[in-house]
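Q: 3D, please:
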Amino acid sequence: MSERAEQPVAGAERAAALLQVVLHEPEIPNNTGNIGRTCVATGCGLHLIRPLAFDTSEKACRRAGLDYWPRLQPREHENFEAFLAAGVVPPRRLWFFTTKSARYAGAVEIAPGDGLVFGKETRGLPDSILQAYPEQLVTLPMMPGERSLNLATAVCAAVYLAMDGFVRRGEVVVDEQGRIGRR
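A: Next up, the predicted model:
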């Protein structure tokens, strides 16, 4: 799949993605599929940094039953530098989720349009990225001795944590039917 221009995921009110979810070299297709569904449901964009350990062709997505994938319109980037060069999110508005940080993600002000960056399932984000953005490393707390959360679970938790902040600050509303709207 080639890089695509940013497109609305669905509906005029979602023309600008609520957040940009960035997966650095994802390895497990089921996790990426679940993350894609979270992105569609919450109006977030999805960016996949190569190499990917699975096929994202239209045929593969159809075979996997990812009927929402066309609405998601994920963008693939050759590497992290290509993602940065695409200018989707200014580097200072990226938040890097890692177990190598003690800074609780709920303690930072994630803003609409920010990027939430997650590493591959087996190793997380590479040290080169973590060292380049030390002030933007955040974590989701866990019990002592636990290794990590499942990637799809971590992305979902992070998106809804950010959305809670948006709602509390009045940047996003949740209507009577439980649907997300922008002010």
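Q: Quick check: next helix or strand after the helix or strand harbouring N31?
A: Element membership for N31, per DSSP states H and E: helix 29-42. Counting by DSSP H and E, the next helix or strand C-terminal to helix 29-42 is strand 45-49.
Q: If you average the pLDDT over that following strand, what comes out?
A: Per-residue pLDDT over strand 45-49 has a mean of 96.
Q: Repeat that for stretch 176-183.
A: 90.
Q: What angle do strand 45-49 and the helix holding N31 make with each other?
A: Interaxial angle of helix 29-42 relative to strand 45-49 (axes from the mean of the first three to the mean of the last three C-alpha atoms, to 10 degrees): 150 degrees.
Q: Can you read off the pLDDT for N31?
A: 90.
Q: didn't it look like it was pressed against L149?
A: No: the criterion here is C-beta atoms under 8 Å, and N31 misses it with L149 at 11.0 Å. C-beta here means a position set from N, CA and C on the backbone, and glycine is covered the same way.
Q: Select the longest helix from the chain.
A: helix 151-168 (DSSP state H).
Q: contacting residues for the closest residue to C39 other than its chain neighbours?
A: Closest residue in space to C39, ignoring its immediate chain neighbours: L46 at 4.6 Å, by C-beta to C-beta, 6 or more residues apart in numbering. L46 makes contacts with Q20, V21, L23, I35, G36, C39, L72, P74, R75, as judged by C-beta atoms under 8 Å, 6 or more residues apart in numbering.
Q: Leaving out sequence neighbours, find the closest residue to the fourth one.
A: If I follow you right, that is I35. Nearest to I35 is V155, by C-beta to C-beta, 6+ apart, at 4.8 Å.
Q: And the helices in the chain?
A: Under DSSP H, the chain gives helices at 29-42, 58-63, 69-72, 80-86, 127-132, 151-168.
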